[in-house]
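> Quick one: sequence and predicted model below, then my questions.
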Amino acid sequence: QVQLVESGGGLVQPGGSLTISCAASGFSFSSYTMNWYRQAPGKEREVVASIRPAGTSLTYATSVKGRFTISRDNAKNTVFLQMNSLEPEDTAVYFCNYWDDQRGDYWGQGTQVTVSS
């Protein structure tokens, strides 16, 4: 059974940093591109960052480029999102995701990140 379990969210002040994690199980983690999405209240879910299986190709949403870094540890089946210079606009529920050509989308339950003073 596929499981994606996010952790590490919380309350952080503007300008602060936070790293969130997603522990994966039940599938061949090292074979899949992994994604981080976020959804703010009243807004659509949007992709934040993606990382290819070998970790050599990274893509970012324009709004987070230069501030967020996605990485992965294939030995530990974990993907990370390091978030620096956080802004109130980064407040959202952050979701871990991957797409399987045969079975479709898989999502974690999400972790809340709140940026506020």
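Thanks, I have it.
> So which residue is smack in the middle of this structure?
The residue lying closest to the centre of the chain (C-alpha atoms, centre = their mean) is W36, at 2.9 Å.
> thought that residue was touching C96?
Yes: using C-beta atoms under 8 Å as the test, W36 is close enough to C96 to be in contact (6.4 Å). Any C-beta I mention is one placed from the backbone N, CA and C, and that applies to glycine too.
> shared neighbours, the two?
Contact criterion C-beta atoms under 8 Å, 6 or more residues apart in numbering; residues bridging W36 and C96 by contacting each: C22, V79.
> low-confidence ranges in this protein?
Low-confidence regions of the chain, defined by pLDDT under 70, are absent; no residue qualifies.
> Count residues in the vicinity of Q1, would you?
5 (other C-beta atoms under 10 Å).
> That one touches G26, doesn't it?
Yes: at 4.9 Å, Q1 counts as touching G26 under the criterion of C-beta under 8 Å.
> quick one, helices of the chain?
Listed from the start of the chain, the chain has no helices (DSSP state H) to report.
> residue boundaries of the strands in it?
Shown for the chain, the strands assigned by DSSP state E span residues 3-7, 10-12, 18-25, 34-39, 46-51, 58-60, 68-73, 78-83, 92-100, 104-107, 111-115.
> Provide the partner residues of D73 in its beta bridges.
The partner list for D73 in beta bridges (DSSP bridges) reads T78.
> Would you mind measuring from it to T114?
As for D73, its distance to T114 is 26 Å (criterion: C-beta to C-beta, to the nearest Å).
> next one: A24
Following C-beta to C-beta, the distance that separates A24 from T114 is 25 Å.
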